[in-house]
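Trainee: quick one: sequence plus predicted model below, questions after.
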Amino acid sequence: MKPQYAIEGSTGILIPMLGLMLFLTRPDNSKIHFWGFYDGDDVWKIRCMPDMIGPWKFEAAFSDGAGCFSDSFECISSDIPEMISRDETNPLWFGFKGGKHVLIRSFHVGDRFFAENWPDSERRKFIKWARKQGYNMFSIASHYLNRRQAGRGLGWKTPELWPLNANEYRKMEKILDELAKENIMVFPFAGFFGRASLYPTNHNDQINYIKYTLARLSSYWNIVFNVAGPEPVHDTNPYMTKEEVRRLGMIIKKLNVFGHLISVHNQPGDDEYKDEEFTTFSTLQGPKTVDRSLLYKGLLANHSRLKPLFAQETLWPGNVIGHPEYTEEDIRKNAIVIMMSAAALNFADMNGDSSSGFSGTLKLEDRVQLRHDIVKKVWDFFETIPFYRLSPCPHLADNGYCLAEPGVQYLVYLENGGTVNISVANGNYSVEWINARDTSERILSGYTCTGSGLTSPDSNDWFVYLRLCR
């Protein structure tokens, strides 16, 4: 539950909607300067994201000097996850603040998800199915602002966060609260400044829009931030310049005092913002291919050693915009290679563009259930191993795709079986072959000190898993 306090006050202040200053003192006596927000009917609220167990104190004061308020609260341990962030063991992966691990299982959902003219009963039915299927994150279109295009957001009454309107934010927060209770995280597909949406263009308005949104949303553990998208600097159809995106990203970074992850929803190809100061994870479209070697190289080339990678539009069966036709085997093998790249897969189930098919309608009768079952089995397998300790190490294996914690464990995926030589650190390692088509089939195959000459049981696809004998 997010700490929240309500304070009565007038709207006649120097900064409308944002005239309540907040000064937090953490248990270690360090300070955080934040702000509250106007919530309508002469009520102001303050929210925060406590990141330390123990007693917290705060003071709140109106910018016009009309009054101040102080209080304290206790931050205690609970079963609520801490904020989604970079994994503290290995920042190549997503994880939670405080050290808990999570394997992202994301699904893309279309523009209707937040719409008030989409029945709540249908939304609950979809969420129930998604949780049963194991999904723990949604990439959601028309989230902050409506994508005003036919076949996209046009016609769906989604919350419009600009111009600032507390009631519109409350509509969005009601659904975000439901998702948090279901332990579902959210990637905003279009971010703060979405394609074909009515976002502010005046610089001061942009700052107030960002500040007000952060004041309301920073207390959510289950969200990440996206500056703009999709494809704000598309080669042939841009709606922003790279400099504009960078400027807005730096503003968000400066105001993001609780440290939520930030990215940009890039166009297909390389991540233009991978090494930018303001990004803390990468969002990638592609490679869209059934050539697994090309897929692997493209993902690794865009995976910073210090930032997680969100494979946003990389495996979208049924999508016809740049994607090939994926067979069931392609879905399974691509999902495996994406995981072997230490990337977080955002899956989809479509029949046209990103607002089509099951991802667009969210009607259970439109889903291709087998697609979801295939990907779930891949994710289920990786959760049987300490994936968060492993990093892509293509230089350590002369065949296949390698994840390793050098000197401790090595996992190699052989798409077509065969023999692999793995450069292992000194030690004695157990050798286990795992059938990639049915990972319940596991064959112990003795021990190795060299990692050399490891040959799969047949020419189908297999994992070989080496673990140091202690």
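Mentor: Nice, thanks for sending it over.

Trainee: which residues in the stretch 51-200 of the chain form helices?
Mentor: Counting by DSSP state H, counting those that start in this stretch, one finds helices in the stretch 51-200 of the chain at the ranges 120-133, 166-181.

Trainee: ok, which of those comes nearest residue 147?
Mentor: Residue 147 sits nearest to helix 166-181 of all the helices of the stretch 51-200 of the chain, at 15.0 Å, using Cβ to Cβ. (Each C-beta comes from the backbone N, C-alpha and C, glycine too.)

Trainee: the closest one - contacts with which helices or strands?
Mentor: helix 120-133, strand 185-188, helix 203-217 (3 or more Cβ pairs under 8 Å, 6 or more residues apart in numbering; DSSP states H and E).

Trainee: looking at these, which is buried most?
Mentor: Mean neighbour count (mean count of other Cβ atoms under 10 Å) peaks for strand 185-188 among the helices and strands packed on helix 166-181, with a mean of 25.

Trainee: could you give the mean pLDDT of it?
Mentor: Strand 185-188 shows a mean pLDDT of 99.

Trainee: let me see the contact set for residue 178.
Mentor: With contact set as Cβ atoms under 8 Å, 6 or more residues apart in numbering, residue 178 has these partners: residue 127.

Trainee: domain map for this structure?
Mentor: Split into domains by automatic domain parsing, the chain comes to 4-75, 84-388, 393-468.

Trainee: what mean pLDDT does the first one get?
Mentor: Domain 4-75 shows a mean pLDDT of 87 in the predicted model.

Trainee: again with stretch 108-118
Mentor: 98.

Trainee: hmm, back to that, out of the domains of the chain, which one sits most buried?
Mentor: Most buried among those, counting by mean count of other Cβ under 10 Å: domain 84-388, with a mean of 20.

Trainee: so where do the helices sit in the stretch 201-350 of the chain?
Mentor: Under DSSP H, counting those that start in this stretch, the stretch 201-350 of the chain gives helices at 203-217, 242-255, 292-301, 328-340.

Trainee: any idea of the mean pLDDT for the third one?
Mentor: Meaning helix 292-301. In this model, helix 292-301 has a mean pLDDT of 98.

Trainee: which elements pack onto it?
Mentor: strand 309-315, helix 328-340.

Trainee: equivalent analysis for the longest one, please.
Mentor: For helix 203-217, the elements it packs on are strand 31-35, strand 37-38, helix 166-181, helix 242-255, judged by 3+ Cβ pairs under 8 Å, 6+ apart.

Trainee: and these as JSON lines, adding distance to residue 207?
Mentor: Below are the helices and strands packed on helix 203-217 laid out as JSON lines (distance: least, Cβ to Cβ, whole Å):
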{"stretch": "strand 31-35", "distance to residue 207": "12"}
{"stretch": "strand 37-38", "distance to residue 207": "14"}
{"stretch": "helix 166-181", "distance to residue 207": "17"}
{"stretch": "helix 242-255", "distance to residue 207": "6"}
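
Trainee: so what's residue 5 closest to, chain neighbours aside?
Mentor: residue 46 (5.1 Å; Cβ to Cβ, 6 or more residues apart in numbering).

Trainee: am I right that the one you found sits in a strand?
Mentor: Yes. Counting by DSSP: H, G, I helix; E, B strand; the rest coil, residue 46 is part of a strand.

Trainee: coming back round to it: of all the helices of the stretch 201-350 of the chain, which one is nearest residue 144?
Mentor: It's helix 203-217; of these, that one is closest to residue 144 (Cβ to Cβ) at 7.1 Å.

Trainee: give me the angle between that closest one and strand 31-35.
Mentor: When axes from the mean of the first three to the mean of the last three Cα atoms, to 10 degrees is applied, the directions of helix 203-217 and strand 31-35 differ by 110 degrees.

Trainee: averaged pLDDT, helix 203-217. What do you get?
Mentor: 98.

Trainee: chain center to it: distance?
Mentor: 21 Å (Cα atoms, centre = their mean, to the nearest Å).
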